[in-house]
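**Q** mind folding the following:
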Amino acid sequence: MDVEMNHLKTPQVSSFSLFMDDFKQLTKFRLAISVVFSSIAGYFLAADSPILIDVILLAFGGYFMVGASNAFNQILEKDLDALMDRTKNRPLPSGRMSVRLAFLLASILAVLGILVLYTINSRTAFFGGISIFLYVCLYTPLKTKTPLAVFVGAFPGAIPFMLGWVAYSNYFTIEPGVLFMIQFFWQFPHFWAIGWMLDEDYKRAGFKMLPTGKADTATAFQIVFYTLWMIVISVLPATSYTGSFKLSIPAAIIVVVLGLVMLFFAFELMVRKTNLAAKKLMFSSVGYITLIQIIYVIDKIIK
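**A** Prediction:
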């Protein structure tokens, strides 16, 4: 009898596991977690006395919002995803999940995300809602129209870091504005490095992700240019122009060193123009944004 019961339960467990795997792909779990990390870092930068329940709400609300954006994006790009090796096995192009179910999940996540963030404060919910609108309604359709899509997409992509500050303070002034600008400029070398690596795959789907339309010296030069601006803005808190968001000189030196490492890989891409160089830049950019957020928070705590 026990053997029979176990036999009956196995397909159900397996089906649930498969669904969760598809759900994680639909919402881009790892990307969503990195976004949540940015939001929480922004919250702790602002918080004199962190409120645990707000941190938890920010984490769940942030995941719901990012997950909704990614799910709507995959619904709109289902047929294009089927053309690319990188995305053809996603739940929708592979046929494992219906568009109707994906739309239902995306809608539930969007509503839940706004409601959860609204319980923190209305401004947090407002910026969360704006990020979904910009990502789904502007960035997604523009990807097949113009390389300016990356510029447009940098706006919703820069919201999470400043969202944490707004969640604690319930206002938007110079401090969250600087957090926004740091992540805004960071996205150009990061996503253009990805675009460089996946240029052929993107072209099959008609995506226009590189600024010049191809992996050339001009694109690499722009990557270097935006990396320089990213470094400058990242150390701006070491001056007296960023309100209560301040950075000590030792922390600023560490941030500059990390930025120079990323700049080195950007120059290497400009010289070599290879996918391997682009991959190194992409990984260094992920390390950079993660480490500086940690450094900002630690510097605030120990000052």
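**Q** surely Asp22 meets Pro93?
**A** No. Judged on C-beta atoms under 8 Å, Asp22 makes no contact with Pro93 at a distance of 11.9 Å. C-beta: built from backbone N, CA, C; applies to glycine.
**Q** so where do the helices sit in the stretch 1-150 of the chain?
**A** Applying DSSP state H, counting those that start in this stretch to the stretch 1-150 of the chain gives helices spanning 2-27, 29-46, 52-76, 78-81, 91-94, 99-120, 122-133, 140-142, 149-169.
**Q** just give the number of residues close to Lys78.
**A** Look at Lys78: counted by other C-beta atoms under 10 Å, it has 19 neighbours.
**Q** who touches it in this structure?
**A** Neighbouring residues of Lys78 by C-beta atoms under 8 Å, 6 or more residues apart in numbering: Leu92, Pro93, Val99.
**Q** so Met270 touches Thr227, yeah?
**A** No. With contact defined as C-beta under 8 Å, Met270 does not reach Thr227; the gap is 10.4 Å.
**Q** so these two - more neighbours on which side?
**A** Neighbours per residue, other C-beta under 10 Å: of Met270 and Thr227, the larger number sits with Thr227, 28 against 19.
**Q** the more buried one and Thr242: what is the separation?
**A** Using C-beta to C-beta, to the nearest Å, Thr227 is found at 21 Å from Thr242.
**Q** nearest residue to Ala149 in space, please, no chain neighbours.
**A** Nearest non-adjacent residue to Ala149, counting by C-beta to C-beta, 6 or more residues apart in numbering: Leu142, 3.7 Å away.
**Q** test my guess that that neighbour contacts Leu148.
**A** Yes. The criterion here is C-beta under 8 Å, and Leu142 meets it with Leu148 at 6.7 Å.
**Q** perfect, that will be all.
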